[in-house]
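*Asks:* Sequence and predicted structure are below.
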Amino acid sequence: MPPVFAHGRLRLYLLKLLDEAPRHGYEVIRLLEERFQGLYAPSAGTVYPRLAKLEAEGLVTYATEGGRKVYSITEAGRAELADRGGELADLELEIRDSVSELAAEIRDDVRGAAGDLRREMRAAAASSSTRVEDEGWKAAKEELRKAKAEWKEQARRAKDESRRAREEAHQARRQAKEAQERAREEVQRIASQLQEQFAKSSGVLGGLAGAWLGGGAPASAPGASTAASDVGSGWAEDLSPTTDPIRDLDRLLDRFRDEIRDAARDHGVSPAQLAEARAHLAVAATRVTAELRPDPA
């Protein structure tokens with residue numbers, strides 16, 4: 001950038017400022033900065049030596065106010081300004097041109113710096129975006145891999161559990177069927193045994209009941225077996241047998257009890273008859289129990 005003031009031009013402009021009003025050095029620097037719209041501000045090392053030189057040449061003078069030098073233009077200074085009026089006009093035009101040039105250069109510098117900054121920011125953003133995208137893609141791929149592995153493991157476990165459940169259900173059905181078969185066989189076996197025992201004991205019960213109802217001697221008395229057999233052969237024939245021997249036995253016992261109770265209620269019971277009935281019942285209970293017990297052989 002070319003110098004703002006050509007040789008001797010700053011000296012002339014200082015005289016112009018002091019011709020406007022007395023000023024101290026700091027005020028002169030501030031006025032120069034304002035005239036250049038803040039684009040140029042001379043240093044104290046530039047202004048104060050020139051003011052001192054103008055004072056030595058008798059073009060300005062100063063007075064001390066508050067510890068500071070306040071400079072004023074002299075008549076000799078005004079005479080020089082008048083002699084250099086055309087040059088001063090050219091200087092003011094140059095100052096305006098210098099301000100425009102400085103502003104343009106600053107704008108260019110700022111524009112260039114801004115462009116460089118934008119390019120650097122775009123480059124940094126692109127680089128950062130690429131890194132972020134790469135890292136994000138890698139993270140997404142890793143998450144997908146983990147999810148697929150977890151899904152496969154869960155599917156395998158579900159398949160194993162389903163297979164075990166089918167096996168356990170099949171085994172339970174087989175065990176239930178086997179238990180059902182064993183229960184059926186056991187029921188059939190017990191029913192057969194009860195039918196055989198009931199067939200053996202039905203005649204005995206009928207004989208005893210017939211003997212007691214007919215007023216005869218107990219089965220243990222002489223000639224009682226034939227009488228009991230004759231009387232009991234038709235006893236309780238109205239009770240048709242069912243397929244359940246135990247139920248049939250209960251029905252016979254109920255009939256036996258009811259008939260003896262009816263006879264006792266109708267005819268009364270003496271102590272001697274009660275003792276004899278007790279003996280008959282003891283004999284009957286012993287024989288029937290013996291018939292119903294399994295054969296030791």
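*Replies:* Yep, that arrived.
*Asks:* Kindly provide the distance from Gln175 to Glu161.
*Replies:* Note on Gln175: its distance to Glu161, by Cβ to Cβ, to the nearest Å, is 21 Å. Any C-beta I mention is one placed from the backbone N, CA and C, and that applies to glycine too.
*Asks:* before we move on, what about Val47?
*Replies:* In terms of Cβ to Cβ, Val47 sits 96 Å off from Glu161.
*Asks:* So for the two, which residue has more residues nearby?
*Replies:* Taking neighbours as other Cβ atoms under 10 Å, Val47 and Glu161 compare with Val47 leading, 18 against 10.
*Asks:* That one touches Arg11, doesn't it?
*Replies:* No: the pair Val47 / Arg11 is not scored as a contact, 10.7 Å apart, by Cβ atoms under 8 Å.
*Asks:* tell me which element Lys69 falls in.
*Replies:* strand 68-73 (DSSP states H and E).
*Asks:* Check which residues of that strand are buried.
*Replies:* Neighbour counts over strand 68-73 (16 or more other Cβ atoms under 10 Å) mark Val70, Tyr71, Ile73 as buried.
*Asks:* Other residues contacting that strand?
*Replies:* 15, 18-19, 22-26, 28, 51, 54-55, 59-64, 81 (Cβ atoms under 8 Å, 6 or more residues apart in numbering).
*Asks:* at 7 Å what do you get?
*Replies:* Leu15, Leu18, Asp19, Pro22, Arg23, His24, Gly25, Leu51, Val60, Thr61, Tyr62, Ala63 (Cβ atoms under 7 Å, 6 or more residues apart in numbering).
*Asks:* Show the contacting residues for the second one.
*Replies:* Residues in contact with Leu18 (Cβ under 7 Å, 6+ apart) are Val60, Tyr71, Ser72, Ile73.
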